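Participant: Sequence and computational prediction follow.
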Amino acid sequence: MFNGGGRPGEKQDKSKNFGAAIRRLFVELKGAKILAIIAILCAAGGSVLTIVAPGQLANLVNEINKGLAPGVEINFDIVWSIIGIITLLYGCSALLELAEGLIMAQVSNGFARDLRRRISKKINRLPLKYFDHNQTGDILSRVTNDVDTVAQSLDNSLSTLVSEAALMIGVVIMMFITNWTMALVAVGASLIGFVGMGFVLGKSQKYFNMRQKELGKLNAHIEEIYSGLNVVKAYNGKAESDRKFDTLNKRVYIANQRSQFLSGIMHPVMAFVGNFGYVAVCVTGAMLTMNNAISFGIIVAFISYVRLFTSPLSRIAQSMSSLQSAAAASERVFEFIDEKELADQSSIKTKVDKSAIRGDIEFDHVKFGYDDNKTIIKDFSAKAKAGQKIAIVGPTGAGKTTMVNLLMKFYDIKSGDIRIDGTSINDMTREDVHSLFTMVLQDTWMFAGTVRDNIVYNRHNVSDKEVMNICKTVGLEHFIKTLPNGLSSDISENDSISAGQKQLITIARGMVEDAPFLILDEATSNVDTRTEELVQKAMDKLMEGRTSFIIAHRLSTIKNADLILVMNEGNIVETGSHNELMKKNGFYAELYNSQFAL
């Protein structure tokens, strides 16, 4: 599946992507850019000081060499002076490199924090359609693995790449100033490294991109299996899930192996170049010394220069590998950040007063489809008067939950209109529309916190007495009393709480919210018959004075609804009360009677 080839033009595209990703990273640094530049300057300054030291070392060797001649004494004042200069140079270089490390650690971690903050805000501005088309595990991988990869790569490579490039250029200049013949030998021997590094970079980038993508797919599969582990075990799906895991894991392994192998080649290539440079410099230097063209100190200086010249090559190669990982990860992060957001609402000036809402809702020839080429809601029209209990029923896929999503403005309708008290929801902000509704869904959601926190979620100034009264109403009082700390007991989605108890907590959460409209989407589907009767009574009390929309498959729970809308294939096929619809002996009667068929 992973071959060395690819589609025509793929190599060029990857190269462009790499360059574009690095440029985008530098642009996205924003406020941290100044600190990054300071860190780079510190690293470059340390490199410059390191370059100067070999020249002083050559002077020291020459001075000592003079002292070895008969009748000549060593001038220790000059020797100690040179030693002091060398010590000062290396000491200042170390301090600058330390400053560079501290600053880049702050820059990289601050950048990662900023990315996570932006991603967190971005999630709330993305339409539900994005989450319908992307796996949760892949999104989580972008937020965690990819952001961490970008931060670590910046910390390890950005300043290193610049400082080592400065060091390498400075060393070349110093070598030619010292002796151009030996400089040509040293640089010529090192050109092999440049050629090898360029070849490896061109081959390995696509595998770094592949690794991040396949890692996202693997995380998506793990999240999917772990969240549905009970179903996997119940249906003996372990072998199938393991097979898929092994396949995805192997893809990650292959991509990671090839990217690391190709980038790992750089180190031995650079080691060979360094050793070859030492040999070339020593041989050439020996020949020049024999001809009295240079002094012995020049050879010592060039040995240091060769080390300073080849070491940057090796570190630049490692930095480029790290930047390749950063480029691949940043592409996925910025792809998420650049996703199309919900429509801008800055032009909407209408302010909704929740206390002044009467409760009338009108659906006026609503049409909608999740995809442009497929219409789900074909022509939906209905009116709900204030305080009415409206039930929406129909077979699976009829469009019941879709209508609720449109009413909550989770999706924008294609044509038609939905009006609340005569005002189109297009003239209201999404936040204002959401504030008018209390939703109790079939799928429960618990977060890590106390029972009280889960019930009063996003509400303030709610007393424990009010919470306990609501819990008593929905039948949670006994459950809370069995907990060690009552309302202050910690719970989470993973705790051993029954589905019915979770649903009751969700219903209690809905009762705390004081909103003029109520939506119940299969709210009693996870509770037993006895609890359902208790919850139904609580719901009747909750629905007093509120316009309520009830989606139910168990039609016995909506017999007392004021109006029942029967949907099929995106259209309303029947309307009326339970008794009226049963008398018609039509589609609704067939649905209702099918519940009792053997």
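Facilitator: Structure's in. What do you need? Residues are numbered from 1 along each chain as shown.
Participant: mean confidence score for the host helix or strand of Thr401?
Facilitator: Assessed by DSSP states H and E, Thr401 sits inside helix 400-407. The pLDDT scores in helix 400-407 average 83.
Participant: One more: stretch 522-541?
Facilitator: In this model, stretch 522-541 has a mean pLDDT of 68.
Participant: Just after the helix holding Thr401, pick out the following helix or strand.
Facilitator: strand 415-420.
Participant: what's the next secondary structure element after that following strand?
Facilitator: Helices and strands here follow DSSP H and E; after strand 415-420, the next one along the chain is strand 423-424.
Participant: what are the pairing partners of that next one, and which direction each?
Facilitator: Using DSSP bridges, the strands paired with strand 423-424 are strand 415-420 (antiparallel).
Participant: Enumerate the positions of the strand it pairs with that are buried.
Facilitator: 416, 418-420 (16 or more other Cβ atoms under 10 Å). The way it works is simple: take the backbone N, C-alpha and C, and place the C-beta from them, glycine included.
Participant: now stretch 84-103
Facilitator: Within stretch 84-103, the residues scored as buried using 16+ other Cβ under 10 Å are 85-86, 89, 93, 96-97, 99-101, 103.
Participant: for stretch 167-185, same thing?
Facilitator: Buried residues in stretch 167-185 (16+ other Cβ under 10 Å): 167-168, 170-172, 174-175, 178-179, 182-183, 185.
Participant: again, but for stretch 381-400
Facilitator: 382, 384, 387-394, 398-400.
Participant: Looking at those residues, which one is closest to Asn373?
Facilitator: Asn373 has its nearest neighbour among the buried residues of stretch 381-400 in Gly399, at 16.8 Å by Cβ to Cβ.
Participant: Just the pLDDT for the closest residue to that closest one other than its chain neighbours.
Facilitator: Sequence neighbours aside, Gly570 is the residue nearest to Gly399 in space, at 4.6 Å (criterion: Cβ to Cβ, 6 or more residues apart in numbering). In this model, Gly570 is scored at 75, pLDDT.
Participant: which phi and psi does Gly570 have?
Facilitator: When read as degrees, to the nearest 10, the backbone of Gly570 gives phi 80, psi 0.
Participant: repeat for the one 10 residues further on
Facilitator: The phi and psi torsions at Glu580 (degrees, to the nearest 10) take the values phi -60, psi -40.
Participant: Give me the contacts around the helix or strand hosting Asp432.
Facilitator: Assigned by DSSP H and E, Asp432 belongs to helix 430-435. Taking contacts as Cβ atoms under 8 Å, 6 or more residues apart in numbering, the residues outside helix 430-435 that touch it are 342, 345, 350-352, 354, 408-409, 420, 425, 515.
Participant: try 10 Å this time
Facilitator: Helix 430-435 is contacted from outside by 342-343, 345, 348, 350-354, 357, 407-410, 418, 420, 423, 425, 428-429, 513, 515-517, using Cβ atoms under 10 Å, 6 or more residues apart in numbering.
Participant: Take the helix or strand immediately after that helix in the chain, keep the C-alpha atoms, and write them as PDB.
Facilitator: As assigned by DSSP H and E, the chain's next helix or strand after helix 430-435 is strand 437-440. Only the C-alpha atoms of strand 437-440 are listed here, as PDB (Å, rounded to 0.1, in the frame of the first residue of the first chain):
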ATOM      1  CA  PHE A 437     -34.900  25.800  24.300                       C
ATOM      2  CA  THR A 438     -34.300  23.100  26.900                       C
ATOM      3  CA  MET A 439     -33.300  19.800  25.300                       C
ATOM      4  CA  VAL A 440     -33.400  16.300  26.800                       C
END
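Participant: strands paired with the one helix or strand Glu574 maps to, and their directions?
Facilitator: Per DSSP H and E: Glu574 is located in strand 571-576. Using DSSP bridges, the strands paired with strand 571-576 are strand 563-568 (antiparallel).
Participant: starting at the chain centroid, how far to the strand it pairs with?
Facilitator: For strand 563-568, the separation from the chain centroid amounts to 41 Å (computed by Cα atoms, centre = their mean, to the nearest Å).
Participant: List the contacts of Asn593.
Facilitator: Neighbour list for Asn593: 555, 582, 585 [criterion: Cβ under 10 Å, 6+ apart].
Participant: actually Glu466, not the one I typed
Facilitator: Residues counted as contacts of Glu466 (Cβ under 10 Å, 6+ apart) are 455-456, 459, 511-512.
Participant: what would these look like in a markdown table with secondary structure, neighbour count and distance to Leu483?
Facilitator: Below are these laid out as a markdown table (DSSP: H, G, I helix; E, B strand; the rest coil; neighbours: other Cβ atoms under 10 Å; distance: Cβ to Cβ, whole Å):
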| residue | secondary structure | neighbour count | distance to Leu483 |
| --- | --- | --- | --- |
| Ile455 | helix | 27 | 13 |
| Val456 | coil | 22 | 16 |
| Arg459 | coil | 13 | 21 |
| Met511 | helix | 22 | 19 |
| Val512 | helix | 16 | 19 |
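Participant: Which other helices and strands does the helix holding Thr401 contact?
Facilitator: Here helix 400-407 touches strand 361-368, strand 377-384, strand 389-393, strand 415-420, strand 437-440, strand 517-521, strand 547-551, strand 563-568, going by 3 or more Cβ pairs under 10 Å, 6 or more residues apart in numbering; DSSP states H and E.
Participant: 7 Å instead?
Facilitator: strand 361-368, strand 377-384, strand 517-521, strand 547-551 (3 or more Cβ pairs under 7 Å, 6 or more residues apart in numbering; DSSP states H and E).
Participant: Now do the second one and helix 400-407, the angle between them.
Facilitator: In other words, strand 377-384. 70 degrees (axes from the mean of the first three to the mean of the last three Cα atoms, to 10 degrees).
Participant: try the last one
Facilitator: For strand 547-551 against helix 400-407, the angle between stretch directions is 150 degrees (the same axes, to 10 degrees).
Participant: hang on, Leu308 packs against Gly170?
Facilitator: No. At 8.6 Å, Leu308 does not count as touching Gly170 under the criterion of Cβ atoms under 7 Å.
Participant: where does the stretch 451-598 of the chain have low pLDDT?
Facilitator: Low-confidence segments of the stretch 451-598 of the chain (pLDDT under 70): 493-496, 523-532, 534-535, 538, 541-542, 556, 596-598.
Participant: center of this structure - which residue?
Facilitator: Residue closest to the average C-alpha location in the chain (Cα atoms, centre = their mean): Val143, at 1.9 Å.
Participant: In contact with it, which residues?
Facilitator: Counting by Cβ atoms under 7 Å, 6 or more residues apart in numbering, Val143 makes contact with 116, 119.
Participant: Mark out where each domain of this structure begins and ends.
Facilitator: For the chain, automatic domain parsing gives the domain ranges 18-337, 354-594.
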